[in-house]
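Chemist: Predicted model and sequence below, questions to follow.
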Amino acid sequence: MKSVNNSMSNNSTKKPLSARLINVMKPGDQIKDVGENAGLNVSCNKSGVKTFFYRYRSPNQNLVKRVTLGVYVPEVRNEILDAPLGKKMLGLSSARQILTGLKAERKAGICPVERLNDESIKRGNEQKVNEKRDARLTMKQVVEVYLTQKVEDHLGSNGKIIIGSRKLKGQKETRRTLENVVGKSSPTGFGSLIAEEIGHTEIKKVISLIVDKGTNVQAGNVLRELKLAYSFCIGKFNPKGGFYLPEDIINPCIQVKEYFKEQGTKLTSNPGRRTLNDKELVDILKWLPQSKFTQISIDALVLVLLTGVRSGEAVIAEKLNFDLDKGTWFVLGKNGVERYVQLSDQAIKYIKSILENKNNTTIYLLPSKNGVPQKQKKLSEQAWVMRRDGDMLNIPRWAAHDLRRTVRTQLSRLGCPSPVGEAVLGHSKKGMEGVYDLHEYENECSIWLQKLSDHYDTLGTIERKFYEGFE
């Protein structure tokens, strides 16, 4: 292996390894760490894959040996640390932590290579016994194949990272969803069943138990993921020989899906229909400023009531998008649709009080303590805590999005024409109307949002308490 050029060589500069040094390595380069991390090396092969390895002298044979730690990844969020040594995906910090453990073994008189070889032989023997006992996959194993080879990021046969079919958040959620039914560290009763022997009856029992708890959406998610797991493994070649699941079996989830459809059992979410009447609005306008919502959440909910925007649009609002002189708020909404939200006099007054907070030096209207927007899900999380602790307003259950639905309903009650009400919410026109009618009703939205704010004033004033600092 050749070393990197002199300006980057650890041998010449005696500087510790850094992500910058590793990122600029070229095929054929090899660099090593120094100081307390001496022995940690990184090499770059012809394909550009960078590999960490530990080079040391064996305490038993006085021979120089090498143990591969894993493949370098530049971002910590892409690390895979629970894979076997040599198959891990590591950042520099994690590689150094593993190095510390291996050095401790060597200091104790244990040769890491010899220990790994012994473990490999032991695993190989156990694997042969398991293969002889039953070569067929359990339901938990099928799920694991689907997760590790399809859904999640993983290493390809060439050592390069293959991006999973879901984003990181989706990968975690899919694993959690499936492990709830097949087991995590050990299989459940369903997870231990042989996958190719399972019929639609067993799948139906699992889904029915979830439906009986009243969590139909979760039941639908589980059925969808089990169906995809089966589809992925049926007829897919298993490196150990044969297929994960035989080519000729029928996906049992298909029949289960049809069963629930025929029964009229809905496994998807129902559209929300909750809207607040005038009495409930009076109660919420009085209660909200004293509620246990954070000030950020209170402001976001009030902005929804005053403008009809989505709560997710309110929490990420940027200060430069407000023009209080013109009474507008530029919003990049759902699916990238741009619109100018019209601001009533009351909305301008409320937003102005937020902008006057001199402690807020960020670009955001409602920043959290770390200077970035609060996540929209925080609204539902805070509401859940208040319901748990008995601090929620004593009216029928409501959510942040119900306030947006309330805005639309209130506008209709006041006599607002339907096209204007839809424009207030930023809904796109459907069909040919969306092709030919390009009028955005901005003047009309301004008029009716003012009428809505005036109506709120007859129910109770919307005042904002000035607060110092960030929530």
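Modeler: In hand now; what should we look at?
Chemist: And residue 367, how far from residue 452?
Modeler: Distance, residue 367 to residue 452, by CB to CB, to the nearest Å: 28 Å. C-beta coordinates here come from the backbone N, C-alpha and C atoms, glycine included.
Chemist: Could you tell me the phi and psi values at the spatially most central residue of the chain?
Modeler: Central residue of the chain (CA atoms, centre = their mean): residue 169, 2.2 Å from the mean position. Phi and psi for residue 169, reported as degrees, to the nearest 10, are phi -60, psi -40.
Chemist: Check residue 252 too.
Modeler: According to degrees, to the nearest 10, residue 252 has phi -70, psi -20.
Chemist: Can you tell me, leaving aside adjacent residues, what's nearest to it?
Modeler: residue 200 (4.4 Å; CB to CB, 6 or more residues apart in numbering).
Chemist: count of neighbours near residue 274?
Modeler: 14 (other CB atoms under 10 Å).
Chemist: show me the contacts for it.
Modeler: Counting by CB atoms under 8 Å, 6 or more residues apart in numbering, residue 274 makes contact with 396, 397, 398, 399, 402, 405.
Chemist: Model confidence score at the fourth one, please.
Modeler: Residue 399 carries a pLDDT score of 88 in this model.
Chemist: Quick check: which element contains the residue nearest to it when sequence neighbours are not counted?
Modeler: Residue nearest to residue 399 in three dimensions, not counting chain neighbours: residue 380, with 6.5 Å by CB to CB, 6+ apart. Assessed by DSSP states H and E, residue 380 sits inside helix 377-389.
Chemist: pLDDT averaged over that helix - what is it?
Modeler: What helix 377-389 shows for mean pLDDT is 89.
Chemist: my read: residue 402 touches residue 277, true?
Modeler: No. Residue 402 sits out of contact with residue 277 when judged by CB atoms under 8 Å, with a separation of 11.5 Å.
Chemist: who's more crowded, those two?
Modeler: residue 402 (19 against 13).
Chemist: show me the contacts for residue 256.
Modeler: Contacts for residue 256 were tallied using CB under 8 Å, 6+ apart; they are 200, 203, 204, 207, 223.
Chemist: when you check those residues against the helices, which ones overlap?
Modeler: Among those, the members falling in helices (DSSP state H) are 200, 203, 204, 207, 223.
Chemist: just to revisit the earlier point, how much space between the residue nearest to residue 399 and residue 236?
Modeler: Remark: distance between residue 380 and residue 236 (CB to CB) = 39 Å.
Chemist: ditto for residue 64
Modeler: Here residue 64 is placed at a distance of 42 Å from residue 236 (CB to CB).
Chemist: what does residue 92 give?
Modeler: According to CB to CB, residue 92 stands 35 Å off from residue 236.
Chemist: Of these two, which one has the most company?
Modeler: More crowded of residue 92 and residue 236, by other CB under 10 Å: residue 92, with 22 against 15.
Chemist: The more buried one reaches residue 19, doesn't it?
Modeler: Yes. Assessed by CB under 8 Å, residue 92 is found in contact with residue 19 at 5.7 Å.
Chemist: where in the stretch 351-471 of the chain is pLDDT low?
Modeler: Applying pLDDT under 70 to the stretch 351-471 of the chain flags the ranges 433-438, 461, 463-471.
Chemist: residue boundaries of the strands in the protein?
Modeler: In the chain, the strands defined using DSSP state E lie at 30-32, 40-44, 50-57, 64-72, 88-90, 154-155, 161-162, 322-323, 328-332, 338-342.
Chemist: What residues does residue 291 make contact with?
Modeler: Taking CB under 8 Å, 6+ apart, we find residue 291 in contact with 298, 386, 391, 393.
Chemist: just residue 143 next, same as before
Modeler: By CB under 8 Å, 6+ apart, the contact set of residue 143 is 178, 179, 182, 191, 226, 229.
Chemist: ok, now which ones touch the second one?
Modeler: Contact analysis of residue 179 by CB under 8 Å, 6+ apart lists residue 143.
Chemist: Tell me how far it lies from residue 225.
Modeler: The separation that residue 179 has from residue 225, given CB to CB, amounts to 11 Å.
Chemist: Next: residue 141.
Modeler: The value you get for residue 141 to residue 225, if CB to CB is used, is 15 Å.
Chemist: When those two are compared, which one has more neighbours?
Modeler: Between residue 141 and residue 225, residue 225 has the larger neighbour count (other CB under 10 Å), namely 21 against 18.
Chemist: now for the helix holding residue 380, which elements pack on it?
Modeler: In terms of contacts (3 or more CB pairs under 8 Å, 6 or more residues apart in numbering; DSSP states H and E), helix 377-389 is packed against helix 295-307, helix 311-315, helix 400-413.
Chemist: Can I get the longest one in PDB? Just the C-alpha atoms.
Modeler: Right, helix 400-413. Provided in PDB are the C-alpha atoms of helix 400-413 (Å, rounded to 0.1, in the frame of the first residue of the first chain):
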ATOM      1  CA  ALA A 400     -54.000  20.500  16.800                       C
ATOM      2  CA  HIS A 401     -55.400  19.700  13.300                       C
ATOM      3  CA  ASP A 402     -58.900  20.000  14.600                       C
ATOM      4  CA  LEU A 403     -58.300  23.800  15.000                       C
ATOM      5  CA  ARG A 404     -57.600  24.000  11.300                       C
ATOM      6  CA  ARG A 405     -60.800  22.200  10.600                       C
ATOM      7  CA  THR A 406     -62.500  24.600  13.100                       C
ATOM      8  CA  VAL A 407     -61.300  27.600  11.000                       C
ATOM      9  CA  ARG A 408     -62.800  26.100   7.900                       C
ATOM     10  CA  THR A 409     -66.100  25.300   9.600                       C
ATOM     11  CA  GLN A 410     -66.300  28.700  11.300                       C
ATOM     12  CA  LEU A 411     -65.700  30.500   8.000                       C
ATOM     13  CA  SER A 412     -68.700  28.600   6.400                       C
ATOM     14  CA  ARG A 413     -70.900  29.500   9.400                       C
END
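Chemist: Many thanks, have a good one.
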